[in-house]
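Visitor: Coordinates only, no sequence provided:
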Ligand code: GLY
């Protein structure tokens, strides 16, 4: 355990060194990915259309601020606070637009507004986070007891769609309940988590990405492969959202069934992680092409470390070791520590069937750095 902590501290030293110049270089941006020259893009404009989620409303736009808040907590360097807060203030402009915001307000406002409020007591950030929590709660479908995912997806009728990723977004509802004392937020989070537990987790511990319910009756209709290989497959990052989300739900509620659910999915993942610690986009994809998703590895690692906090000593090591295996594979073989690229984690993939594979994603860096802080016991704690 001490060896792993020493290793994580050493890697965090490299993270600090890299973020020192990356933060300065990109201080006016809210990045998602890097271009062919390794420069971060900028998602802080308002987007192409009035109702799209590809501009300022882009769902990953909270992770840049989240990385900087983690660095601020660690180093106490006010520069990180200033850049993080400025990106959070920009993000609040999304509320004026409203259209384009969806279930991912948790991913957007936990690492920015909630982090700012937790670390500095900033009341403006508390207001923004409560606003986001109310938007998320408003997506609850009482007939099916789920939070509706996304808005319109191409020509599909998505009114009855729920997705496993939302298990991280519900932390915003747990936060709002704890912060305001109003149990409605927690009740919705619990009802949604129960629905996901009952309808997404298969007997072998794998989870599907999307489940469709009838939006009127709440009856389960079918599942979809979503960002994974296909129906019945197991999208790696989705497995991570389940492991991490159920472990968090246990931390917020003390309900044993959530910890058991997190462990079931974790064991499915651990049984499928290769010896070299590199993970595919989908644990059930064909061997070729060998598309990888380093981001999925970082999310699973975060979930395993969260489980490790809540289990007895002997068991703890099982989950920590599996997480360290994933993180070492990233740090040793999939990380760019040079000035050639603004991002650290390489070889991420958004969706198995999309045209682009093996690029950088700001949330991979977020979950990689967060997992290192978890290993050293100094994480920010926002989920
Ligand atoms: N939440 C969407 C993704 O993980 O790509």
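Guide: Structure received. Since the model is a prediction, treat every value here as computed from it, not as a measurement. Numbering: from 1, shown residues only.
Visitor: C-alpha only now, for contacts and for neighbours.
Guide: Will do.
Visitor: By mean pLDDT, which helix or strand of the chain comes out lowest?
Guide: Least confident helix or strand, the chain: helix 93-97 with a mean of 90, by mean pLDDT, DSSP states H and E.
Visitor: mind listing what's buried in it?
Guide: For helix 93-97, the neighbour count (16 or more other CA atoms under 10 Å) marks residue 94 as buried.
Visitor: who does the very next helix or strand once past it touch, helix- and strand-wise?
Guide: From helix 93-97 onward toward the C-terminus, using DSSP states H and E, the following helix or strand is helix 105-109. When contacts are defined as 3 or more CA pairs under 8 Å, 6 or more residues apart in numbering; DSSP states H and E, helix 105-109 packs onto helix 123-137, helix 166-169, helix 171-180.
Visitor: can you rerun that using 7 Å?
Guide: helix 123-137 (3 or more CA pairs under 7 Å, 6 or more residues apart in numbering; DSSP states H and E).
Visitor: Report the buried residues of the helix it packs on.
Guide: Buried-residue list, helix 123-137, by 16+ other CA under 10 Å: 125-126, 128-133, 135-137.
Visitor: Tell me the one of the residues you listed nearest residue 21?
Guide: The nearest member of these to residue 21, counting by CA to CA, is residue 125 at 26.3 Å.
Visitor: which parts of stretch 141-154 are buried?
Guide: 141, 144-151.
Visitor: For residue 63, see how far away residue 365 is.
Guide: Residue 365 sits 9 Å away from residue 63, going by CA to CA, to the nearest Å.
Visitor: which of the two has more neighbours?
Guide: residue 63 (27 against 23; other CA atoms under 10 Å).
Visitor: now that one: how far from residue 80?
Guide: Here the criterion is CA to CA. By it, residue 63 lies 13 Å from residue 80.
Visitor: and if you look at residue 312?
Guide: Taken as CA to CA, the span from residue 312 to residue 80 is 36 Å.
Visitor: ditto for residue 45
Guide: In terms of CA to CA, residue 45 sits 21 Å off from residue 80.
Visitor: Look at the two and report which has more neighbours.
Guide: residue 80 (24 against 15).
Visitor: and the more buried one, what does it touch?
Guide: Shown in contact with residue 80 (CA atoms under 7 Å, 6 or more residues apart in numbering): 68-69, 71-72.
Visitor: can you rerun that using 8 Å?
Guide: Applying CA atoms under 8 Å, 6 or more residues apart in numbering to residue 80 gives the contacts 23, 68-69, 71-72.
Visitor: how near is the residue of the chain most remote from its centre to residue 80?
Guide: Distance from the C-alpha centroid of the chain peaks at residue 217, with 30.1 Å (CA atoms, centre = their mean). From residue 217 over to residue 80 the distance is 48 Å, taken as CA to CA.
Visitor: Same check on residue 56?
Guide: Note on residue 56: its distance to residue 80, by CA to CA, is 20 Å.
Visitor: tell me which strands and helices the longest helix along the chain is in contact with?
Guide: Longest helix in the chain by number of residues (criterion: DSSP state H): helix 2-25. Under the contact definition 3+ CA pairs under 8 Å, 6+ apart, helix 2-25 sits against helix 362-375.
Visitor: And the contacts of the helix it packs on?
Guide: Counting by CA under 8 Å, 6+ apart, 4-5, 8-9, 11-12, 15, 31-33, 60, 63-64, 66-67, 70, 294-296, 298-299, 301-302, 305, 327, 343-345, 348, 379-380 sit against helix 362-375.
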